[in-house]
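Generate coordinates for the sequence data below:
(one chain, ligands or ions: 1)
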Amino acid sequence: MNCHETQRWLPAYLDGEVDLVSAVAIEEHLKTCARCAQAYTNQQALQTAIRGSGLYQPAPMALQKRIQMSVRQAGNVAPIPRMMRWRWFGVAAALACVAILAWGLGRAWVAPAADDRLATEVLAGHVRSLMADHLADVESSARHTVKPWFAGKLDFSPTVEDLASQGFPLTGGRLDYLDGRPVAALVYQHQRHTINLFSWPAPQANDTAAAAEELQGYHLIHWTQAGMTYWAVSDLNVDELQGFVQLVQRQSGPTLAP
Ligand SMILES: [Zn+2]
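As a prediction, the model looks like this:
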């Protein structure tokens, strides 16, 4: 996030109205930019001053009554004339056409609503892991250290592969909680980018192809393979993340613990 964006978002940030990812981006920027940090301090002081200044005044009783009366009167709306109804029907039909068109354009990527919710959860898990130094519970590039670490902590055994020779070194693993259950999170690096690879037993047995989506500037790819659900998430560009996913898919065999 740059200075312009940060300062534009500051009032909403102060009111606690920005989403998690934007809030993290703003906090990161404030840590490194003295000018924006000063703007933040000024606005915060102003907010505190306004709140504490006794500027709030309850409306006089007569005014309250008048407002309530006019709201009640506005509630008694006259029925819509027949001509108007047809006009609204036209508007509705036009909106339906736009919706169908938009659906046609957006058909390249189709995912059910449950995946949208899960995508948000996965992204939150990724962002959380980058904050507060909680990237890994077990830090190691050796899959022989990371894989046994999960034993006894999960009711399945995740596939753990180091992909260092292909440019994606494994740096560690941790437990996370997604879709209402504990899941395995493997952490990979590619240049300066962190990739979280989440996996857990799939609710359905059939394999699904990798589906990519973009959420708040991050890329997410998810698929089902050999009874496991996988989600890869990173700020890496989508082509490189897809390359990573193909490597993982090549390594992932049947993984369910007996
Ligand atoms: Zn700045």
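
what ranges do the strands span in the stretch 101-250 of the chain?
All strands of the stretch 101-250 of the chain, identified by DSSP state E, counting those that start in this stretch, fall at 138-139, 170-178, 181-190, 193-201, 208-215, 218-225, 228-234.

what's the closest of those strands to the ion?
strand 218-225 (21.8 Å; Cβ to the ion). Glycine gets a C-beta too; all of them are placed from N, C-alpha and C.

That closest one vs strand 208-215, what angle?
160 degrees (axes from the mean of the first three to the mean of the last three Cα atoms, to 10 degrees).

how about the closest residue to the ion within the stretch 151-258 of the chain, what does it touch?
Evaluated by Cβ to the ion, the stretch 151-258 of the chain has residue 217 as its residue closest to the ion, separated by 17.9 Å. Taking Cβ atoms under 8 Å, 6 or more residues apart in numbering, we find residue 217 in contact with 21, 235.

then stretch 230-247 to CSV, C-alphas only?
The C-alpha coordinates for stretch 230-247 follow below in CSV (Å, rounded to 0.1, in the frame of the first residue of the first chain):
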residue,chain,number,x,y,z
TYR,A,230,-5.7,-28.6,-1.0
TRP,A,231,-5.5,-24.8,-0.9
ALA,A,232,-2.4,-23.0,-2.0
VAL,A,233,-2.3,-19.2,-1.2
SER,A,234,0.3,-16.6,-1.8
ASP,A,235,1.0,-13.1,-3.1
LEU,A,236,3.0,-14.8,-5.8
ASN,A,237,1.9,-14.2,-9.4
VAL,A,238,-0.7,-16.8,-10.6
ASP,A,239,1.6,-18.4,-13.2
GLU,A,240,4.3,-19.2,-10.6
LEU,A,241,1.7,-20.4,-8.1
GLN,A,242,0.2,-22.7,-10.7
GLY,A,243,3.7,-24.0,-11.3
PHE,A,244,4.0,-24.8,-7.6
VAL,A,245,0.6,-26.5,-7.6
GLN,A,246,1.6,-28.7,-10.5
LEU,A,247,4.7,-29.8,-8.5
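
pLDDT-wise, which helix or strand of this structure ranks last?
Lowest on mean pLDDT, DSSP states H and E among the helices and strands of the chain sits helix 82-106, with a mean of 61.
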